[in-house]
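*Asks:* requesting a structural model of the entry that follows:
(2 chains)
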2 protein chains.
Amino acid sequence: MRNIEVLFFDVLGTMVDWRGSITTEVGEFLKRHNLGHVDAAGFADAWVGRYDASVDPIRTGKRSFVLLDQVNRENLVASLEEFGLAPASFPSEELEYLNLSWHRLKAWPDLAEGLSRLKSHFIIAPLSDGHARLLVNVSKYNNLPWDFIIGADMSQAYKPMPQVYLRACEFLEVPPGHAMLVAAHDYDLEAARRCGLKTAYIARANAEDPSKAGNQKALDGWDYKAKDLLELADMLQ
Amino acid sequence: MRNIEVLFFDVLGTMVDWRGSITTEVGEFLKRHNLGHVDAAGFADAWVGRYDASVDPIRTGKRSFVLLDQVNRENLVASLEEFGLAPASFPSEELEYLNLSWHRLKAWPDLAEGLSRLKSHFIIAPLSDGHARLLVNVSKYNNLPWDFIIGADMSQAYKPMPQVYLRACEFLEVPPGHAMLVAAHDYDLEAARRCGLKTAYIARANAEDPSKAGNQKALDGWDYKAKDLLELADMLQ
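*Replies:* Residues are numbered from 1 along each chain as shown, chains lettered A, B, ... in the order given. Below you'll find the predicted structure:
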């Protein structure tokens, strides 16, 4: 463990409360359009829940790489239709603003202090399905002190494709064994481990993919297991 | 000018005092090897001065892209030979440590405050011939609060190749007219302007390429001209 130079962090779920943040923005959107009776949390879960299945064709090579903004926009339209709301009945810029709620996801409360402590010992970088500009915007919005940002557009791949983890190590010129992924999702950690990275599991409420609710197992066998970044910083000190 | 979302910053010379920093480290290296009589500043200038000519074959496509670390290492060996010092007479790890002095370049004193002020209004990112890891190390060493880091390895190109500027805008999803390059070198600003970016000239002592000493013209016609980042922040407010 003394060899670890770089900590990569999953973002969606692990660093930011995506379900909570998107539920809030969906609620505001619905109210602005006199649709306060529509279930905002249900709509947010439907929208976020489409994410995994919709990037699968990219993972398997059936679709070329597109940015998460585009995936989200397609899923937003599908979710509106699922809830009986005609997408064309909303001004396009209103849908665009709602879609960009993924650039305004709120960080978990331990982030600022946790990252600052970890930054003094390691190079810290997000490693996400989000693209560079999305990560820059989320990071500015939450004042996150990253040393480097790696977006999915830089590897042109979605997790758990191995090139996500291997390209990230190449960018920072470290062998995979000198890097560790910090994440709240077993499938992500499993893929990183297969590429040779160390692994740290962070237990986050509300972090799992709504389409797989209840399947989050918190497997044993990760190199570290912590309730948040402060506990992880204690363990690594 | 109201459209500017992103400020890109040249690093070598504009953000950090490369000649001063390398002179200091060369001086320490020479002293450790009982070579205090060798002219450290002259050696540093010889080393830094080889940079431009040695990346030219990459700019013109005669050589494949290699990282600045490799260019610097080749130039270090050539400079030792120029000064009558046999490279093989030094332990390899000592030469490696000296070569990595490019990862420990010292920031000009206005950087921390200047960047912090600009960061509250713009996305700020270095745009350099240095590669990602070099920029991460220099930034950690000087505690620079970048929003995003773009290394030469991400465009696989050296300035003033147009893809340096255009790929940077693509990564941050801005049209070139919504970005501005901040630099102390006319050739860099000229190339950025040709790609459609706005330009800000920063006057830095000791920033010019030693192989072209005295040719620094500080041309007129840049969108902004300031003595440091604090003055630039005032102008942009």
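*Asks:* distance-wise, check A:Val55 relative to chain B.
*Replies:* 19 Å (C-beta to the nearest C-beta, to the nearest Å). Quick note: C-beta positions are derived from backbone N, CA and C, even for glycine.
*Asks:* please state the backbone phi and psi of that residue?
*Replies:* According to degrees, to the nearest 10, the main-chain angles of A:Val55 amount to phi -90, psi -10.
*Asks:* report how many residues lie close to it.
*Replies:* A:Val55 sits with 22 neighbouring residues when counted by other C-beta atoms under 10 Å in any protein chain shown.
*Asks:* A:Met154 too?
*Replies:* A:Met154, neighbours per other C-beta under 10 Å, totals 18.
*Asks:* tell me what A:Ile123 is bridged to.
*Replies:* Counting by DSSP bridges, A:Ile123 is bridged to A:Val6.
*Asks:* that one against A:Leu7, yeah?
*Replies:* Yes - taking contacts as C-beta atoms under 8 Å, A:Ile123 lies within contact range of A:Leu7: 7.2 Å.
*Asks:* residues of chain A that sit close to chain B?
*Replies:* Within chain A, the positions adjacent to chain B are A:123, A:131-133, A:136, A:139-140, A:145, A:147-149, A:151, A:153-154, A:171-173 by C-beta under 8 Å from any C-beta of the partner chain.
*Asks:* which of these are buried?
*Replies:* Buried subset of those (neighbour count, 16 or more other C-beta atoms under 10 Å in any protein chain shown): A:123, A:131-133, A:136, A:139-140, A:147-149, A:151, A:153-154, A:171-173.
*Asks:* taking the residues of chain A next to chain B one by one, which sit in helices?
*Replies:* The helices, defined by DSSP state H, take in A:Ala132, A:Arg133, A:Val136, A:Ser139, A:Lys140, A:Asp153, A:Met154, A:Phe171 from those.
*Asks:* does the residue located most distally from the centre of chain A lie in a helix or a strand, and which?
*Replies:* What lies farthest from the middle of chain A is A:Asn34; by C-alpha atoms, centre = their mean that is 30.4 Å. For A:Asn34, there is no enclosing helix or strand under DSSP states H and E.
*Asks:* what residues sit buried inside stretch A:229-237?
*Replies:* Going by 16+ other C-beta under 10 Å, stretch A:229-237 has these buried residues: A:Leu229, A:Leu230, A:Glu231, A:Leu232, A:Ala233, A:Leu236.
*Asks:* now it: average pLDDT?
*Replies:* Taken as a whole, stretch A:229-237 carries a mean pLDDT of 96.
*Asks:* contacts for it, please.
*Replies:* A:1, A:4, A:110-111, A:113-115, A:117-118, A:121-122, A:182, A:200, A:202, A:224, A:226 (C-beta atoms under 8 Å, 6 or more residues apart in numbering or on different chains).
*Asks:* CA atoms of it as PDB?
*Replies:* Extracted C-alpha coordinates of stretch A:229-237, given in PDB (Å, rounded to 0.1, in the frame of the first residue of the first chain):
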ATOM      1  CA  LEU A 229     -13.600  10.000   2.800                       C
ATOM      2  CA  LEU A 230     -12.700  11.200   6.300                       C
ATOM      3  CA  GLU A 231     -12.600   7.600   7.500                       C
ATOM      4  CA  LEU A 232     -10.600   6.600   4.400                       C
ATOM      5  CA  ALA A 233      -8.100   9.500   5.100                       C
ATOM      6  CA  ASP A 234      -7.700   8.200   8.700                       C
ATOM      7  CA  MET A 235      -7.000   4.700   7.400                       C
ATOM      8  CA  LEU A 236      -4.400   5.900   4.800                       C
ATOM      9  CA  GLN A 237      -2.500   8.100   7.200                       C
END
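*Asks:* count of neighbours near A:Lys62?
*Replies:* 8.
*Asks:* how is chain A divided into domains?
*Replies:* A:6-17+A:105-236, A:18-103 (automatic domain parsing).
*Asks:* out of those domains, which one sits most buried?
*Replies:* Highest mean neighbour count of these: domain A:6-17+A:105-236, a mean of 20 (counted as mean count of other C-beta atoms under 10 Å in any protein chain shown).
*Asks:* could you pull out the strands for chain A?
*Replies:* A:6-9, A:123-126, A:179-183, A:198-202, A:224-226 (DSSP state E).
*Asks:* including mean pLDDT and distance to B:Leu127, could those strands go into a markdown table?
*Replies:* As requested, the strands of chain A are arranged in a markdown table below (pLDDT from 0 to 100; distance: least, C-beta to C-beta, whole Å):
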| stretch | mean pLDDT | distance to B:Leu127 |
| --- | --- | --- |
| strand A:6-9 | 98 | 22 |
| strand A:123-126 | 98 | 18 |
| strand A:179-183 | 98 | 25 |
| strand A:198-202 | 97 | 32 |
| strand A:224-226 | 96 | 36 |
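*Asks:* how about the ones you listed in TSV, adding distance to B:Lys62?
*Replies:* Shown next, in TSV, are the strands of chain A (distance: least, C-beta to C-beta, whole Å):
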stretch	distance to B:Lys62
strand A:6-9	34
strand A:123-126	34
strand A:179-183	35
strand A:198-202	41
strand A:224-226	48
